[in-house]
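*Asks:* Pasting the sequence and the predicted model now:
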Amino acid sequence: MITKLKSGIPREVKLGIKSILNYGNKFYCNCCNSRISKFRAGGYKIPVLDELKVIGAGYHENDYCPVCKSSYRLRIVKLYLDYIRILEKRIIVLHVAPEEQLAFILSKLTNIEYIPGDAYPERYSYYTNSIRVDLTSLQFDNNYFDLIICNHVLEHIQDDKQA
């Protein structure tokens, strides 16, 4: 019953409620523009990740936003995209393994032709119309995209150099 009720509430309303419930002045999420009291911890405490200082892996005290669920990695990507001002231009974007919050942001921009894709697009069907994409053999012409966002993906591809 609760799940049915939740599914009928528009995404913007859910984010608004979460923003109110988590309101504070200590942190700011640049993905959903929320001012919040704290980010939530996330990731896993795996000694070898700490030992090898693997960037983007392991446990983080301030990992994800309680409003939009964006991770610190995604907030860094968004910060960079805002810094270079590319999202203000008329561009074609391929977003591989589309993170929910960034997919939401990009799909709403009218100046962007947004194409989300993944080797298993059905994983993203609840928030995007992803297409099947094989990074080792793209079905698009060379230089078709102005921007390709491929965040934490290549380590999962056997022939990453080909990709």
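*Replies:* On my side now, so go ahead. Numbers count the residues shown, from 1 in each chain.

*Asks:* can we go C-alpha only for contacts and neighbour counts from here?
*Replies:* Fine.

*Asks:* P98 contacts G117, correct?
*Replies:* Yes. At 6.9 Å, P98 and G117 qualify as touching, with contact defined as CA atoms under 8 Å.

*Asks:* buried ones in stretch 83-96?
*Replies:* 87, 92-96 (16 or more other CA atoms under 10 Å).

*Asks:* Tabulate those residues in CSV, adding columns for pLDDT and secondary structure.
*Replies:* What follows is the buried residues of stretch 83-96, written out as CSV (pLDDT from 0 to 100; DSSP: H, G, I helix; E, B strand; the rest coil):
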residue, pLDDT, secondary structure
L87, 95, helix
I92, 97, strand
V93, 97, strand
L94, 97, strand
H95, 96, strand
V96, 95, strand
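
*Asks:* which among those residues gets closest to N25?
*Replies:* L87 (27.0 Å; CA to CA).

*Asks:* Could you check how far the spatially most central residue of the chain is from P116?
*Replies:* Of all residues in the chain, the one closest to the mean position by CA atoms, centre = their mean is E99, 2.8 Å from it. With distances taken as CA to CA, to the nearest Å, E99 is found 9 Å from P116.
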